[in-house]
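Student: coords please:
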Amino acid sequence: MIEIILTDATIQISGDEKELKRIDKFQTYDDNSLCFSKGKYDIKKLKHVSLMKTVQSRLVGFAGLAKEIILFCKNNNIKIEKFEDKRTHFDFQVKEWTDDELRKLFDPKFKYVEHQVRALKAMLKTNKGICCLPTSAGKSRIMAAWLKLTNLPTLILTDRSTLGAQLAQDFRDQGIDCGFCSGNGVRQGYCIVSTIQSVKKLDVSKFQMVLVDECHRSSSKSFQDFLKTFGCPLKYGFSASPSNGNLLDFAKIRQQLGSIIIQVKADELIENEVMAKPHINLVKVDCPETFDYPSANDLGIVHNKTRNNIIRDIVEKHREEGYICILVRILEHGEELEKTIPGAVYLKGEDSLNKRLEIINKFNNGEIPVLIGTNIIQEGISISNMKTLIMASGGKAQTSTIQRIGRVLRITSNKKEANFYDFIDMNNKYLFKHSKQRLTLYKKEGYTDISVLDAGLTKIK
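Tutor: As a prediction, this is how the structure comes out:
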């Protein structure tokens, strides 16, 4: 038998020593970050990391782990003899909200907000939780509705200044007194959007809630160091894909922000015309065989003239439609494509915040027909008019792949469908493996309109 005390910051467990060891083992993860070197795996460098600590005969962890620990106990016949809830509770959590009341928190012009209403309901049931929502699901609208519902001083965290500036402006446009904190200074407000890099500039003691946008990044040291010391009552995360596939990283995120409380699939949003229907085109291209992945990426992607010329051909095919975006991962690749594609503008991380916003606005207004960008436009930034997205970067990462396809799926009055191009990089074992993993992920996410094209952009039967 065990006893549990749950506070805003921690879950504390006492009782039978054997049961405590079982729970500790449940919250222990493998850290193999140091095991990979020069293409080899050294198991001797494998570490076991427990998210729990023993303090005065009690097992202590962060409060975000509470739900999964309680479920583990119930599923493994560990009796919870006593549960003491010392968390802060609010009046809005007690009130019985109707669907109509929650719908009024959103723009009445929105035809379908059922997924957003469900998100609010899920958040009302818990002090911590992660909302797993496709990129075009309107996360900022859900956040704004939640800020209006709770009326609490709130800190909204991101690690991108461009995204943060857009979020703050979006909230202000919806009538919320919202400031912004970044490397350029602090604009005060009842609620404040801040980059994690600049949050130390703020007196965070006034905030009763934190919202973490693109929370799949919050396993990083900067986020973890801050969230561990920031003991506000309410913490929520938002991401299209909160897990990057690394179990330890995802556990670190959950210990601060809680378990996934809602997961919305793309097919629901496509069916209800919230998200544009994507036509996924996979272009077969030859790549040289190499002895390692760095060489594969350099010769097969960045400096693969045939592949880069195909990207140019895709641009020309859709140039009259405009609003074409190309995503790269390596700075040099963007420079290569900028030289190859007439009229393309390369948006770089080294550009000032004002210049980035100016370029994005010009793209949205149709003044720039082709935009090339690295991960600076991969996450969160609103580029609603994009009609064609070319994923030039390759790679396999689950989170980034989902974020990338989401860039092109924002629906507008004149855009119900969108084009998405990726590559099947043939003849190189590293790149081909990554291509297959991305294809599997597209199918898993519910995207069914997938075509395979040859190098001449002709559909292969």
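Student: Going by C-alpha atoms from here, please, whenever you check contacts or count neighbours.
Tutor: Noted.
Student: which other helices and strands contact the strand or helix carrying Asn361?
Tutor: Per DSSP states H and E: Asn361 is located in helix 353-364. Applying 3 or more Cα pairs under 8 Å, 6 or more residues apart in numbering; DSSP states H and E, we find helix 353-364 packed against helix 161-173.
Student: Report the buried residues of the helix it packs on.
Tutor: The neighbour-count check on helix 161-173 (16 or more other Cα atoms under 10 Å) flags Ser161, Thr162, Leu163, Gly164, Ala165, Gln166, Leu167, Ala168, Gln169, Asp170, Phe171 as buried.
Student: quick check, Gly61 in a strand?
Tutor: Yes. Counting by DSSP: H, G, I helix; E, B strand; the rest coil, Gly61 is located in a strand.
Student: one step back: and which of the buried residues of helix 161-173 is nearest to Leu124?
Tutor: Using Cα to Cα, Phe171 comes nearest to Leu124 of the buried residues of helix 161-173, at 20.4 Å.
Student: contacting residues around that closest one?
Tutor: Ser140, Ala144, Asp177, Cys178 (Cα atoms under 8 Å, 6 or more residues apart in numbering).
Student: Can you give me the domain boundaries for this protein?
Tutor: Split into domains by automatic domain parsing, the chain comes to 2-85, 91-265, 276-453.
Student: out of the contacts of Phe171, which is most surrounded?
Tutor: Cys178 (24 neighbours; other Cα atoms under 10 Å).
Student: Is it bridged to anything, and to what?
Tutor: Beta bridges link Cys178 to Cys191, judged by DSSP bridges.
Student: pretty sure Glu19 is touching Ile2, no?
Tutor: Yes. At 7.5 Å, Glu19 counts as touching Ile2 under the criterion of Cα atoms under 8 Å.
Student: Now for those two: what residues contact both?
Tutor: Residues touching both Glu19 and Ile2 (Cα under 8 Å, 6+ apart): Ile78.
Student: Help me confirm that Met235 is found in a strand?
Tutor: No Met there; residue 235 is Lys. Yes. Assessed with three-state DSSP, Lys235 lies in a strand.
Student: Point out where the protein drops to low pLDDT.
Tutor: Applying pLDDT under 70 to the chain flags the ranges 37-40, 375-384, 398-400, 403-404, 406-414, 461.
Student: one more time with 50, if that's ok
Tutor: Within the chain, the stretches with pLDDT under 50 are 379-380.
Student: Just the buried positions in the helix ranked longest in it, please.
Tutor: In the chain, with assignment by DSSP state H, the single longest helix is helix 429-444. If you call a residue buried by 16+ other Cα under 10 Å, then helix 429-444 has these buried ones: Lys429, Tyr430, Leu431, Phe432, His434, Ser435, Arg438, Leu439, Leu441, Tyr442.
Student: Could you dump those into JSON lines and include distance to His318?
Tutor: Formatted as JSON lines, the buried residues of helix 429-444 follow (distance: Cα to Cα, whole Å):
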{"residue": "Lys429", "distance to His318": "31"}
{"residue": "Tyr430", "distance to His318": "30"}
{"residue": "Leu431", "distance to His318": "26"}
{"residue": "Phe432", "distance to His318": "26"}
{"residue": "His434", "distance to His318": "26"}
{"residue": "Ser435", "distance to His318": "23"}
{"residue": "Arg438", "distance to His318": "23"}
{"residue": "Leu439", "distance to His318": "23"}
{"residue": "Leu441", "distance to His318": "26"}
{"residue": "Tyr442", "distance to His318": "22"}
